[in-house]
Every structure is written in structure tokens, then in C-alpha cells.
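Q: dropping the sequence and predicted coords here.
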Amino acid sequence: MGLTNNSTGAALAKKALKRTSDSYRIAIAGNPNVGKSTLFNALTGMNQHTGNWPGKTVGFAEGFCRFGDKTCVAVDVPGTYSLITSSPEEEIAKSIILSDETDAVIVVCDATCLERNLVLALQIIELGKPTLICVNLLDEARRKGIRVDLGLLSDRLGVPVAGAIARKKNGLKDLSAATKALLSEKHEKKEPRQRLDSAEDYVKTAEEICIGVCVSDRADANSFDRTLDRVFTGKKTAYPIMIALLLFVFWLTIVGANYPSELLSKALFFIGDKLGEGLEHLGLPLFLRGLFIDGAYRTLAWIVAVMLPPMAIFFPLFTLLEDSGYLPRVAFNLDKPFCKCRSCGKQALTMCMGFGCNAAGVVGCRIIDSPREQMIAILTNSLVPCNGRFPLLIAIITMFFIGSAGGIGASFASAALLTALIVLCVAATLAVSSLLSVTILRGKPSAFTLELPPYRPPQIGRVIIRSVFDRTVFVLGRAVISAIPAGIILWLMANLKIDGITLLTHASHFLDPFASLLGLDGVILIAFILGFPANEIVIPIIIMAYASKGALTDYSSLGELKDLFIANGWTATTAICTMLFSLFHWPCATTLMTVKKETASIKWTLAAAIIPTLLGIMLCMAVNFISKLL
Amino acid sequence: MNNIYKLCDLKVGECAKIICVSPESHIKRRLCDIGLIEETPVRCVAQSPCHDMKAYLIRGAVVAIRNLDGKEIKIRKEVGEHGTY
């Protein structure tokens, strides 16, 4: 489907992909969903990194590969349906192919819908570069009783054609040989020439070419997919299944991450202690030791320990759903409410991604074709809580709203309250999307079509690699960058004193008046502010401030935590407002960095920060006001 | 016999051929990209639970189109398969 079609790649072997006189540059193009990325990965292995086309923020993968004795740089061009409409992807694809640096083009086609794929192939052939057609997914075609005559296709198109099953790495030898032959031939430089008059002509030509090339044995070869679709999009079954799946993913993430987080934090803090002792031996003054170990390192360790395990579970699960073909059905089921808000069903997917991590959700907005709708999805992504905010929400729900009895009843009640909060967030997303559509992001609803790919068994290995490297490491990397300076600032604020009072206390006193309007107190507000790098450290900062500690502290039991909070003036209203503010406040540093990178605009990044904050302030003030009346 | 309908009128399982896409339709270009032009055979294969969107088999691929866009596409209902696979 392409949620990570252009996501940042792994820079495992950061070879400088310099163009030498021997290396060729090959563009790999094709429709979305044809297995282009699978083929690209099969050809380049792990020898890839993300390139950037000058002037654009969209990244695409470049990789190093060999065809016989020829070394090549393969470029994974964004998937497009044609080159003659003018969306940003199509402009990029066209300019990559036409670039003087590109020596040849491989057009990847789906054997099960060759007619449609040939539209793009015909247009690319006309651009004049040496072109090779790779007909992929031959195994699926065979299963559906479709036979493709590659030789006849090659004759009719006038270019070499190779068949492949990229998933199983079949046909790569033939492809390699054909590419090598293509690169070895002398080609005169052909000028791009559009031979056909209109877009429709390409479709008609493609249809003519396919007569006799694609032969279908069976009338209804898609029955398995249709049966699954009846279940996943049926009136009675669609929504319960979706909700059940989402709850399952949440549950598995939260429960599965607990133990690894504990282990990780023990390990990292142990290392931190040893580092501290080491620095002490080296004679580093207490002040600097505090700054680096208690401040920077401890904050970093905390964020990594709490952030990493849930992500390492959520992302693979989500990617599995994506790979299997289920996610477009979710967009299909949820298009109606988003269409009413002048957006589209794909925003439902980016929203779900945001439950795992808002930064990843923002990157995921690339699947939305219309720039206006993409922006709406980016700006509203932080309105749903990411993994980092769930511990705070669950802790507060448990402490203040569920009795200490425990047991099944209590778990159910917790789950119900959490679900209510999530419903609130979804409602907020729809409401804000609507509002944006009629104010600062006005525009016509887009020409929205949604491809429902065949269901395929997910490629588990690729899923793990993609979700670990593309998503987890990328998010973690950015969090680490913001954690270190934040840790230093935190330590300074908690340990430097003016007039015998720490900077932290000064700041919280200063914020008290405004915070109390929101039903919070200065400490909570400063904790949210200092928790900018990652929402995971908000509660530790609150504890650090209340308990007048000099470094981030954890709690050993919820009972103890509740006592600490109540001793500092917390009421039920404070609990509700803290939860509301946690749901609706500025996005974390990683997310904002990602928004800036995706939108390439300071203006929209500021909007992404201000919109949820305004919503949070208004809601908290309202709740506070109402509770004062009661 | 007048069997000219709109695309969104097609029930799940029914087949048709496209007569034309309304020229003012903003989705015309997009439809052409996925191969939906005059005389293209289509078959409706799924419907969303809120009945606002339907999925069609078009030249071997399944694409979902909103009913409010499907209103702008005229079709001629046909019986049986016509080259769709």
C-alpha cells in the first residue's frame, strides 16, 4: 500500500553512492502496489539509503546493485499511475526518469492487471530512455489463471520484457541479464515525444496490446478476496472487527511492553551509575557529573526505556496489517465521516498510526494524495494519544477513577474510560478537520479513489526490518536528539537555586495563576513544557518537582503516587484536566521536527503546535469552570 | 429498453460497460489513470458498510469510488463477464 513507500531508509552501510565512470543509474518505476519496493529490496539488499530530490521534501530510496559486471545505482521512483497528469509524485517521477543521470528505466508491472499498468509503461517508453519492462507477481497471476505471453508483449511494445516474482526472488537472473544487455547496447539519445493525443488513447492502446498477451482461464478468480471483503466490509461485521483489532493491538502493545521497559530501564540506569562512578574517578566535578549523568543521560535512558518496547511491538503489528492488505479496507469503511469533514478515508489510517507514534503518523500522511487533505491529516494527527501518553492516562484513570479493589471489574472500567477518551479524540479529529476545511485549509474535496489490493500473506522478515529500521530507529533517533539538551535543561532547573529556591520551583510558581485557570497547577504545566522532547517524561518531572528531587524519579506504586499528588493539591478536577491536557497539547519535539520536514514550512509547523494547544486550553478551562459551579 | 444507469446504481455482483464520464467531473482524469474510460467493462465487487462507497473490478484491479463521484459516470448494465478477470 505504501505507508512507508518513501519513508527514511536504513543507513546501515552508509556507502557514499558516488557516481563513478563505471556505475549506471537506473530508475525503477511503476504503479503503486506492484511490488516495486519488493523488487528494489531484492536487487539492492541492505545497501540502500534515502536520497532527496532537490527542492522536494519527499525522500526516496537509492540502492547499490550489480547486473553482471555492471555496478548500478537503482532509484526507487514514487509509484504513479501515469505521467501526464500533474501531481507532485508524477512530476518527481518524470524528472527522475528524464534526468541526464538516469541511464535506463525498469518499469515494474503487475501481471494480474497488466492492461492498466501498460498505460504508464507506454508513457515511459515515449520518454526515450532505454526501457525494460519487468512483469511481476507472476505467481498471483498463475493462481488466478492468468497467463502472460512475455515474448509477444516485448514484440508489441518494442522493448525487452522480463518476468519476475520479486517476493520469492525469482526471475532476478533473467532481469539482471536483460538489464545488462540493455545497458551494453549503444542507444542514440532519443527526445521524449508524446505520440498519442490524450490520456484515453493510452488506455485504448494498452487494451489493444494486451489482447492475446494476457489470457485468462477462469471467470471468477478473485473469490477468496471477495469472501474476505464481505467479512471485512460487511454491514454487520466491518466495525466490530476493526475495533476488536485495534483494541487487540493496543492491549498487546501495553501489556507486552511492560516487562521489556522495566528491564531496559534497569539496564540503562545501571550503566548510568557506572558511568557516574567512572567520571567521579576521573575527577569530574559534582556539578558536571550531575549535568551529564543525572540530567542528560538519565533523561535519555528514561525516554529510550519507555519509548522503545511499545514501538517495537506496535509498529510491526501495524506493518503486518498494512502488508496483508487489510488497511485499505479500513480506509474504505471509514471514508464517510472523513468525507463529511472534506477529507478522506486515508486519514483514518494515519490517525491509527498516530496511536502508535504521532511522528510516524505524520510521515504516514504521505499516502494521502491531495496536498490539502494531507495537511489536514498532519495537523490533526497529534489529537490522538500516542504510546507515550498512554501510561499517564492509564495511571490517572486507575488512581483517581477506579477503586483500589482491582480485579476484572476494575480492568473493564479502566478500559471503558480509556475507550471513552479515545472516542473523544476521534471526535476532536473530525471536528478540527471540519473546521480546518472551512477556514485555513479550504478547498474542493479531492478526486478520491482507493485501490483495494489483493490480500497477501505478509512478508514477516521484511515487516520486521521495515518497522524496526524505518520507523522505530528513525523515531528513536529524533527523540534522542531532543532528549539530551532537554535533560540538561531539566537538571539545571531542578538543581540551580536562586534565593534558596530551585529554578523549577520559581517557574512553577510563575505559571501557577495561569495553570489554575486550566484546572492544573504550575508544576503540571511546567512538566508538560519540559516534557517537550517526549511525553514519556511528564509524570517523572511532576514527581521530581513535588518530591524536590534533583533528577527524574519513578514511582514504586500507584498508591504512593496518588498520595504524593493529593498531598500537592490534586482533586478529581485536576486529574481530568491533566488527562485532557495530555491529549490536547503541543506535539512532542520528534513530531514537530517531522512536521517541519514533511511540510518544509515553519508556518504549518507552528500551526501543528498551536491547534491542539488551543483545543486543550479551551477544554480544560471549560471543565474547570463547570467543576467550580458544581 | 433503457438500461442506462449511473455507476453507483450497480449492485454487488453486477457487470456493466462505461458509456461516459461527465466532462465536468473533477475525477475524470483520475479515473482515466486507472483505466476507466468509455466501453471499459466493470463489475461491482464490494460495498462499504455505510453504503457511501463501492468497489469495482476495473481491468484486473479493484478500485473503490465514492457514490457521489459514481453519480457522474453513466453505464450500461450487461449480463455476464466481459473480459474482466
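A: Here it is on my side, so go on.
Q: can you count the residues close to the residue of the stretch 1-150 of chain A found nearest chain B?
A: Taking C-beta to the nearest C-beta, chain B has its nearest neighbour within the stretch 1-150 of chain A at A:Cys113, 3.1 Å off. C-betas here are computed from N, CA, C, even on glycine. Taking other C-beta atoms under 10 Å in any protein chain shown as the criterion, the count of residues near A:Cys113 is 27.
Q: quick one: contacts for it?
A: The contact partners of A:Cys113, taken as C-beta atoms under 8 Å, 6 or more residues apart in numbering or on different chains, are B:59-61.
Q: likewise for B:Leu57?
A: By C-beta under 8 Å, 6+ apart, the contact list for B:Leu57 reads A:222, B:42-45, B:84.
Q: all helices for chain B, in order.
A: Remark: helices assigned in chain B by DSSP state H are B:28-33, B:67-70.
Q: which helices and strands does the last one pack with?
A: Taking 3 or more C-beta pairs under 8 Å, 6 or more residues apart in numbering or on different chains; DSSP states H and E as the contact definition, the neighbouring helices and strands of helix B:67-70 are strand B:53-58.
Q: and the contacts of A:Cys113 as a markdown table, adding neighbour count, distance to chain A and pLDDT?
A: Supplementary listing: these in a markdown table, determined by neighbours: other C-beta atoms under 10 Å in any protein chain shown; distance: C-beta to the nearest C-beta, whole Å; pLDDT from 0 to 100:
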| residue | neighbour count | distance to chain A | pLDDT |
| --- | --- | --- | --- |
| B:Arg59 | 25 | 5 | 89 |
| B:Gly60 | 25 | 3 | 87 |
| B:Ala61 | 22 | 4 | 90 |
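Q: quick one on the thing from earlier: which of the helices of chain B has the lowest average pLDDT?
A: Least confidently modelled of these is helix B:28-33, at a mean of 86 by mean pLDDT.
Q: how far away from the center of its chain is it?
A: Here helix B:28-33 is found 12 Å from its chain centre; the criterion is C-alpha atoms, centre = their mean, to the nearest Å.
Q: what of stretch A:201-220?
A: Once both centres are worked out by C-alpha atoms, centre = their mean, stretch A:201-220 turns out to sit 37 Å from its chain's centre.
Q: let me have the contacts of B:Leu57 in JSON lines, extended by pLDDT.
A: Below are the contacts of B:Leu57 laid out as JSON lines (pLDDT from 0 to 100):
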{"residue": "A:Asn222", "pLDDT": "78"}
{"residue": "B:Val42", "pLDDT": "93"}
{"residue": "B:Arg43", "pLDDT": "93"}
{"residue": "B:Cys44", "pLDDT": "94"}
{"residue": "B:Val45", "pLDDT": "93"}
{"residue": "B:Thr84", "pLDDT": "44"}
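Q: point out the most buried one among the helices of chain B.
A: Ranked by average neighbour count under the criterion mean count of other C-beta atoms under 10 Å in any protein chain shown, the helices of chain B are headed by helix B:28-33 at a mean of 22.
Q: which strands and helices sit next to that one?
A: Based on contacts counted as 3+ C-beta pairs under 8 Å, 6+ apart, the elements that helix B:28-33 packs against are helix A:199-210.
Q: from the contacts of B:Leu57, which is closest to A:Val161?
A: Using C-beta to C-beta, B:Thr84 is the member of the contacts of B:Leu57 that lies nearest A:Val161, at 23.6 Å.
Q: show me what counts as buried in the helix or strand hosting A:Ile464.
A: A:Ile464 belongs to helix A:460-465 when elements are defined using DSSP states H and E. Judged by neighbour count (16 or more other C-beta atoms under 10 Å in any protein chain shown), helix A:460-465 contains these buried residues: A:463, A:465.
Q: now swap in stretch A:519-529 and tell me
A: For stretch A:519-529, burial by neighbour count (16+ other C-beta under 10 Å) applies to A:519-528.
Q: also stretch A:218-226?
A: Judged by neighbour count (16+ other C-beta under 10 Å), stretch A:218-226 contains these buried residues: A:221-222, A:225-226.
Q: residues contacting that stretch, please?
A: The list of residues contacting stretch A:218-226 from outside it, by C-beta under 8 Å, 6+ apart, reads A:143-146, A:454-455, B:45-46, B:57, B:62, B:81, B:85.
Q: got a PyMOL select line for the buried ones in those residues?
A: Only the buried entries of the contacts of stretch A:218-226 go into this PyMOL selection, using 16+ other C-beta under 10 Å:
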select buried, (chain A and resi 144+146+454+455) or (chain B and resi 45+46+57+62+85)
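Q: can you redo the contacts of stretch A:218-226 as CSV with distance to B:Leu31?
A: As requested, the contacts of stretch A:218-226 are exported to CSV (distance: C-beta to C-beta, whole Å):
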residue, distance to B:Leu31
A:Arg143, 28
A:Lys144, 24
A:Gly145, 27
A:Ile146, 23
A:Pro454, 21
A:Tyr455, 25
B:Val45, 17
B:Ala46, 18
B:Leu57, 14
B:Val62, 14
B:Glu81, 21
B:Tyr85, 20
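Q: among the contacts of B:Leu57, name the ones in strands.
A: Taking DSSP state E, the ones among these that sit in strands are B:42-45.
Q: out of those residues, which touch chain A?
A: For chain A, the contacts drawn from those by C-beta under 8 Å from any C-beta of the partner chain are B:Val45.
Q: now, which of the ones in strands among the contacts of B:Leu57 sits nearest chain A?
A: Proximity to chain A was ranked across those by C-beta to the nearest C-beta; first place goes to B:Val45, at 5.9 Å.
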